[in-house]
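> Here you go, sequence then predicted model.
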Amino acid sequence: MTPDARPLLALRGLTKRYPTGDLALDGVDLEVPPGQVMALIGPSGAGKSTLIRCVNRLVEPSAGEVRLDGEDLTRLGRGALRRARRRMGMIFQEYALVERLSVMENVLSGRLGYTGFWAAWFRRFPRRDVVEAFRLLDRVGLAHMADKRADALSGGQRQRVGIVRALMQDPALLLVDEPTASLDPKTSRQIMRLLVELCEERGLAAIVNIHDVALAQEFARRIVGLRQGRIVFDGPAETLDAAALTRIYGEEDWSRTIRRAEAAEEEELA
Amino acid sequence: MAVSTAPDGTPLWRRRTPRGDLLVWLGWLCGVALAVACFQFISDRTIWMFVWDAPQQGADLVGRMFPPRWEYAHQLWKPLWDTVNMATLGTALAVVIGVPLAFLAAHNTTPSVVLVRPVALIVIVASRSINSLIWALVLVIILGPGELAGILAIALRSIGFIAKLLYEAIEEIDPTQVEALTATGASGAQVLTWGIVPQVMPAFAGITVFRWDINIREATVLGLVGAGGIGMQLEASINTLAWPQVTVIFALILATVLVSEWVSARVRHHII
Ligand SMILES: Nc1ncnc2c1ncn2[C@@H]1O[C@H](COP(=O)(O)OP(=O)(O)OP(=O)(O)O)[C@@H](O)[C@H]1O
Ligand SMILES: [Mg+2]
């Protein structure tokens, strides 16, 4: 992380108040340089999902700027917003695959932003998209599943398809909302490892919302802590200590949580 | 829920408070009283003499209906075929109009909640509130007797049925699948065809064959008002007191409905 590098994503004073009156984000300033995997942690209701949804405007921000490569996304019209969204892949907790479509169709749906309506309707995707789809499916170990319907897959397999769909967009940034919350501990680690590896291979930046602090410390180099819509911690994973966790989550005995993360790291090195 | 304490100090739980119990009993009492009053009302307006000899009259009619005149069936194949076609074409027409209407009426797909949705809902209600037999009566006056009136009558009634059930299905889809496609930068039309259509496809197939199944039954009576199909033969036979022919018509209608039931069950099973 070189501080003088131009950020890929820059949030300035990002604020979101829902019509119900909840102030979910309260003037968030955040910069993400290209290629950085950043974990976003915070208690339930802190505004993590809201933050990443404001970035691609699945949720309309109430105030502030979202700059992707310098372009303010909050001012874009429909067409320009669609083009900007192609550069941000999104990955969901509940996978959000179209259940009744095949794995291949789900993967290729990542190309919809680049494909005309009728070409997509008749499933006529350019050959290089199909080649890329097979290559990525092979990369995540699901090439033999291409023809299966998405609802025939296990949770871990579905999340891999979700990751491939996002990568098909050829994004610069991944927005990841609790990718492992519905998975068992082993699959969670595999998915997180896969995500981080793929980001490194392709030089992608990512914002990963995650509840598992140990997992966050293990896989992300930078951690940002959100509490009640405000950033209360921002630093390298090693510097996340009991005091920081108390600031993010409130008073609690954190010694075990942190030790677990350190133990996992040692295990990794061994 | 009522919680109280027994004299020995253990907590007691009842489903309702004593007052609530009393109210429920009063409600039942009122219901029974109303039923008795209604029976009295209907009884006063019924000529019981006719009702008491109903079994005899019925037996008499059945006697006149047998044996069925099976040769008559040869004249029925064409009207029966017309009946099935009326139901099928009417359903197809209703699908063509009802499906876009459903997307205009569903909360999550309508272009405008304030302007378009209410109009679509009114069209749906208007179509649903009028029975196809009444549509047929009106259309026979406008278009003259024949199958065309029957097809349109069936379509007009089915549009509302299909659109209503389909828009409810559209409103119940999983929104995260739609969000996921929106997030890829897909256009609105692409999100619709890739994210929403696959989700409502089973509901759509089920609704359509269900309505087709209903329409076969309805098409058999439309002939009574001159809108084509086997109902016209039924009316002619009843008017000439040709009861053995009526039996044959009943038997054929029953067979047709059984077949349509079987077909729709198969289709539904296959798609869902
Ligand atoms: N659609 C909505 N309408 C109204 N309020 C909302 C909506 N979505 C979220 N909120 C509110 O905004 C705040 C932040 O919610 P958000 O979902 O962003 O939190 P989160 O950090 O992702 O929580 P979790 O860890 O439980 O997923 C909460 O107070 C929540 O009640
Ligand atoms: Mg969330």
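It's in. Ligands and ions are numbered 1, 2, ... in the order given.
> Every contact and neighbour count from this point should use C-alpha atoms.
OK.
> Tell me which residues touch the residue in the stretch 101-250 of chain A that ligand 1 sits nearest to, please.
The stretch 101-250 of chain A approaches ligand 1 most closely through A:H211 (6.9 Å), counting by C-alpha to the nearest ligand atom. Counting by C-alpha atoms under 8 Å, 6 or more residues apart in numbering or on different chains, A:H211 touches A:41-43, A:178, A:181.
> One more: A:A63?
Taking C-alpha under 8 Å, 6+ apart as the criterion, A:A63 is in contact with A:13-16.
> What does it show for phi and psi?
Note on A:A63: backbone dihedrals following degrees, to the nearest 10 are phi -160, psi 160.
> Now do it against ligand 1, distance only.
Note on A:A63: its distance to ligand 1, by C-alpha to the nearest ligand atom, to the nearest Å, is 15 Å.
> Within reach of ligand 1, which of the contacts of A:H211 are there?
A:P43 (C-alpha under 6 Å from any ligand atom).
> Neighbours of whichever residue of the stretch 151-270 of chain A sits closest to chain B, how many?
Chain B sits closest to A:Q169 of the stretch 151-270 of chain A, with a gap of 6.8 Å, by C-alpha to the nearest C-alpha. Neighbourhood size, A:Q169 [other C-alpha atoms under 10 Å in any protein chain shown]: 25.
> Spatially central, which residue of the chain would that be?
Went with chain A since none was named. The residue lying closest to the centre of chain A (C-alpha atoms, centre = their mean) is A:V176, at 1.7 Å.
> that's the wrong chain, I meant chain B
Note: chain B centre (C-alpha atoms, centre = their mean) maps to B:I214, 6.2 Å.
> So, low pLDDT: which residues of chain B?
B:1, B:272 (pLDDT under 70).
> run the last query once more with 90
Within chain B, the stretches with pLDDT under 90 are B:1-21, B:42-86, B:110-115, B:127-151, B:153, B:202-203, B:205-206, B:209-210, B:213, B:216-272.
> Close to chain A: what parts of it are there?
Selection of chain B residues close to chain A by C-alpha under 8 Å from any C-alpha of the partner chain yields B:176-177, B:179-187, B:189-190, B:193-195, B:198-199.
> What subset of the residues you listed is buried?
Buried by 16 or more other C-alpha atoms under 10 Å in any protein chain shown: B:176-177, B:179-187, B:190, B:194-195, B:198-199, out of the residues of chain B next to chain A.
> Please, where are all the strands along the stretch 101-250 of chain A?
Secondary structure of the stretch 101-250 of chain A (DSSP state E, counting those that start in this stretch): strands located at A:173-177, A:205-209, A:222-227, A:230-236.
> Who does the first one pair with, and is each partner parallel or antiparallel?
The one in question is strand A:173-177. Applying DSSP bridges, strand A:173-177 is found paired with strand A:88-91 (parallel), strand A:205-209 (parallel).
> Single out the most deeply packed of those strands.
strand A:88-91 (a mean of 28; mean count of other C-alpha atoms under 10 Å in any protein chain shown).
> can you list contacts of it?
A:56, A:159, A:162-163, A:165-167, A:169, A:171-177, A:179, B:180, B:183-184.
> need the strands of the stretch 101-250 of chain A in TSV with distance to B:V113 and mean pLDDT, can you?
Formatted as TSV, those follow (distance: least, C-alpha to C-alpha, whole Å; pLDDT from 0 to 100):
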stretch	distance to B:V113	mean pLDDT
strand A:173-177	30	94
strand A:205-209	34	94
strand A:222-227	36	93
strand A:230-236	35	92
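> Of those, which is nearest B:W243?
Proximity to B:W243 (C-alpha to C-alpha) singles out strand A:173-177 among the strands of the stretch 101-250 of chain A, at 72.0 Å.
> Any residue of that closest one touching ligand 1?
No. Using C-alpha under 6 Å from any ligand atom, strand A:173-177 never reaches ligand 1; the gap is at least 7.9 Å.
> quick one: contacts for the residue of the stretch 151-270 of chain A closest to chain B?
With C-alpha under 8 Å, 6+ apart, A:Q169 has these contacts: A:86-89, A:110-111, A:113, B:184.
> could you redo the last one with a cut-off of 10 Å?
Shown in contact with A:Q169 (C-alpha atoms under 10 Å, 6 or more residues apart in numbering or on different chains): A:85-90, A:107-114, A:129, B:184-185.
> So what's the residue count around B:A120?
B:A120: 23 neighbours (other C-alpha under 10 Å).
> In which helix or strand does the closest residue to A:G27 other than its chain neighbours reside?
Excluding the flanking residues, the one nearest A:G27 by C-alpha to C-alpha, 6 or more residues apart in numbering or on different chains is A:G13, at 3.9 Å. In this assignment (DSSP states H and E), A:G13 forms part of strand A:9-17.
> Quick one: work out the angle between that strand and strand A:205-209.
Per axes from the mean of the first three to the mean of the last three C-alpha atoms, to 10 degrees, the angle that strand A:9-17 makes with strand A:205-209 is 30 degrees.
> any idea how far strand A:9-17 is from the chain center?
In this view, strand A:9-17 has its centroid 17 Å away from the chain centroid, taken as C-alpha atoms, centre = their mean, to the nearest Å.
> repeat for stretch B:252-267
16 Å.
> Please apply the same query to stretch B:89-98.
Using C-alpha atoms, centre = their mean, the offset of stretch B:89-98 from its chain centre is 15 Å.
> what do you get for stretch A:203-212?
The answer for stretch A:203-212 is 5 Å, by C-alpha atoms, centre = their mean.
> start to end distance for it?
24 Å (C-alpha to C-alpha, to the nearest Å).
> Flag every residue of the stretch 1-150 of chain A that's near ligand 1.
A:18, A:20, A:22, A:24, A:43-50.
> Recalculate using a threshold of 8 Å.
A:17-25, A:41-51 (C-alpha under 8 Å from any ligand atom).
> how about the helices in the stretch 101-250 of chain A?
Counting by DSSP state H, counting those that start in this stretch, the stretch 101-250 of chain A has helices at residues A:103-108, A:117-121, A:127-139, A:155-168, A:185-202, A:213-219, A:242-249.
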